[in-house]
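Novice: Okay, here's the prediction I keep looking at, along with the sequence it came from:
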Amino acid sequence: MPDVVLQARGLTKAFASPAGRLPVLTDVSLEVFAGESISIRGSSGSGKTTLLQQLGGLDQPDSGEVRILAPGAGLVAPRSSLGRGVGFVFQNYQLMPELTALENVALAARIAGVPALSATAAARSLLTQVGLGARLEHLPAKLSGGECQRVAIARAMVNRPSVILADEPTGNLDERTGAEVMDLLLGVVAERGTALILVTHSREFAERANRRFVLSGGVLSPA
Amino acid sequence: MPWFLHLALRQLFPPGKRFPAFATVSILGVGLGVASLLIVQTVMNGFGEEHRLRIRESFGDCQVTGGVPIEQPEALAKQLAASPEVASAALYAEGPALARNGDFSGIAQVRGIDPTDPGQPARKYVYGGSFDELDDGRIILGAGLARALRVRVGDRIEIWSPAMAERAEKGKAPLPAEFEVCAVIVTGFTEVDNAAALISLRRFREIWNLGPRAHGLTLRLKEPALAEATAGRLAVGHPELRFRPWQDIKKDFLAAIRFEKTMLFFLMFIITLVASFSIGSTLFSAVIRRSREVGVLAALGAARWQVVVLFGLQGLLIGALGTLLGFVLTWTILAFRDGILGTINRLFGSGDMVANIYQFSKVPLHYDASDFFIAAAFTLLTTAIAGLVPALWAAGRKPSEAMRDA
């Protein structure tokens, strides 16, 4: 049985609205194992991104808890595993506009405490792996959407996290580029044994995951 | 280099932009503020130093006078010169007189001095002729007075003292004292240059009917800065005499200069403060614009303190580079100060304003390291705070909110 890399129990989240508290997540529990991929689908506003933020430690749930496997530290709270236990891939890439592709990827490693030379070497290797070996010194403004998302994937992978949280990674890309990026993402996580939680609108991409869930009315249920 | 310093530098100076607007304007703003502050301080220091030097050279480090002319000045000078704190003691006598050259005349402030005294400060200011030629028949004139009388070195002038008027009242026909101009001095101190006339003390006594007396003594001290304390010690045993240290001779004037400098420091500091506030507000809008990036940094595992340092550093870097630019601007502007002042004079004034108003022929300067240190410290502190406030705000936000709001 593979190791558990992410464990969420009884997550509840509600936001204040003029009509009172609006529940977004209701008693969501999830276990993710090393190397597996999970897809979560749901309509707009169903709380997919909110769930991902709770899982990744970017926000705190009202109740419930999340544990993520951090290298050398076991299962820990997601906030303390950011950058090491968990990597993010966002819909809008979220690259630093003033840094080159190489620096963007190396930055994630530097923040995790990797020395500059090793960080740059790891970033160069990953960018070459995602097909951007010739675009290392390009700023994000000089890269296409697909290339930016490749940089973002390399950045998410550079610290060898146990789980990648991808929030609509193909949402800003055309169909063909989206498919290429999805192939790349699934290929890279499979190769490295990293778990993937993929939030997407696309039924086609969702079908490619090992396990599939639907988030509706704040409840997470198998598809 | 820590990642946050690298990123701070990149955000301030993005690659491909030679003069990024935010950094350029902010650094220029701080630089101008610092330069204004330091230029004013340095010039004010120069004025103060110049005035202090002129006061010391004109009146000595310590001036000894009495209610009436001193009866046995030579003996007193010998006694005071024997003190270990005194470098030299010189007699003097002074008074106003009418100077005349044919149809041209002027009021001269005549001073009788010992021409053989090697420490006479006037020696440093000889512009034409020779100080060593001063004797009973010769006179040294300030350049302004010489100009007013239309005389040059080698010309002759007449001096009419008040004592001659007394003689006329007694029915005796007074004759003016005649002198040959042996030197012209330019001190740069307009008050002196326009009126000074130096003659030998012996001749002064004769013209003023002073006998063996003198009006006072000027003392050169081994430690001029300690003149106040030294004067107090020397005065012991001489209740009939007044020992005035140079700091006391123009006390109100020197206090006014100090006060003026302090006030100008605060006024100029406000300029730097305004520049810092503008950095604060610009940095604040930059941080808001970068909210999403703050969220991303958090998602990458950046600690809150690192986000604070990232944006705080940008304020500090602007402060440091602005201060450096301010130093360079200060030095450059002050190096060309006379040319700049000449242009201002030509455009807005008439004649030499510095000479007419402040009695100096050039804008004086005195670089004081402490002014530079204080300006740098204040500027770095205010710009660091200006950067820190938005940095703390950014670091205090939830990553999810930061990413949503951007």
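Specialist: Sure, I can see it. Numbering: from 1, shown residues only, chains lettered A, B, ... in the order given.

Novice: Provide a list of residues in contact with A:Glu147.
Specialist: A:101, A:132, A:135, A:138 (CB atoms under 8 Å, 6 or more residues apart in numbering or on different chains). Every residue, glycine included, has its C-beta placed from N, CA and C.

Novice: Filter those residues down to the ones in helices?
Specialist: Secondary structure of the contacts of A:Glu147 is defined by DSSP state H; positions in helices are A:Ala101.

Novice: Checking the residue of the stretch 201-350 of chain B found nearest chain A next. Helix, strand or coil?
Specialist: When distances are taken as CB to the nearest CB, the stretch 201-350 of chain B approaches chain A most closely through B:Gly301, which lies 2.2 Å from it. Secondary structure for B:Gly301, judged by DSSP: H, G, I helix; E, B strand; the rest coil, is coil.

Novice: So which residues on chain B come close to chain A?
Specialist: Counting by CB under 8 Å from any CB of the partner chain, chain B comes close to chain A at B:1, B:3, B:6-7, B:10-11, B:14-16, B:292-293, B:295-302, B:306, B:398-400, B:403.

Novice: Could you pick out the buried ones from those residues?
Specialist: Under a neighbour-count criterion of 16 or more other CB atoms under 10 Å in any protein chain shown, the subset of the residues of chain B next to chain A counted as buried comprises B:3, B:6-7, B:10-11, B:14, B:292-293, B:295-302, B:306, B:399-400, B:403.

Novice: Closest to the centroid, which residue in chain A?
Specialist: Ranked by distance to the mean C-alpha position of chain A (CA atoms, centre = their mean), the top residue is A:Leu165 at 2.0 Å.

Novice: and it, bridged to which residues?
Specialist: When bridges are assigned using DSSP bridges, the partners listed for A:Leu165 are A:Phe88, A:Ile197.

Novice: residues touching it, list them.
Specialist: A:52, A:55-56, A:86-89, A:197, A:199.

Novice: Show me what the helix or strand that contains B:Leu98 packs onto, helices and strands only.
Specialist: Secondary structure assignment for B:Leu98, by DSSP states H and E: strand B:86-101. Taking 3 or more CB pairs under 8 Å, 6 or more residues apart in numbering or on different chains; DSSP states H and E as contact, the helices and strands that strand B:86-101 lies on are helix B:73-81, strand B:104-113, helix B:143-149, strand B:156-160, helix B:162-169, helix B:201-207, strand B:214-221.

Novice: ok so, going back, between the contacts of A:Glu147, which is nearest chain B?
Specialist: Of all those, the one sitting nearest chain B is A:His138; the distance, using CB to the nearest CB, is 10.6 Å.

Novice: How many residues are close by the closest one?
Specialist: When neighbours are defined as other CB atoms under 10 Å in any protein chain shown, A:His138 has 16 of them.

Novice: gap between the closest residue to it other than its chain neighbours and A:Arg41?
Specialist: Of all residues beyond its chain neighbours, the one nearest A:His138 is A:Ala101 (5.5 Å), with distances taken as CB to CB, 6 or more residues apart in numbering or on different chains. In this view, A:Ala101 and A:Arg41 are 31 Å apart by CB to CB, to the nearest Å.

Novice: cool, and A:Glu191?
Specialist: Separation of A:Glu191 from A:Arg41 (CB to CB): 25 Å.

Novice: what about these two, which has more around it?
Specialist: Neighbours were counted for A:Glu191 and for A:Arg41 using other CB under 10 Å; A:Arg41 has more, 22 against 10.

Novice: Tell me what the more buried one is bridged to.
Specialist: When assigned by DSSP bridges, A:Arg41 has beta-bridge partners A:Val214.

Novice: Please tell me how far it sits from chain B.
Specialist: Note on A:Arg41: its distance to chain B, by CB to the nearest CB, to the nearest Å, is 21 Å.

Novice: Name all residues that make contact with that residue.
Specialist: Going by CB under 8 Å, 6+ apart, A:Arg41 touches A:48, A:199-201, A:203, A:206, A:212-215, A:223.

Novice: again, but for A:Ser43
Specialist: Under the criterion of CB under 8 Å, 6+ apart, the contact list for A:Ser43 reads A:Ser216.

Novice: where in the chain is pLDDT low?
Specialist: Picking chain A for this. Along chain A, the parts satisfying pLDDT under 70 run over A:1-2, A:80-84.

Novice: wrong one, I was asking about chain B
Specialist: By pLDDT under 70, the weakly predicted segments of chain B are B:173, B:188, B:349-361, B:402-406.

Novice: tell me the most buried of the helices and strands packed on strand B:86-101?
Specialist: strand B:214-221 (a mean of 24; mean count of other CB atoms under 10 Å in any protein chain shown).
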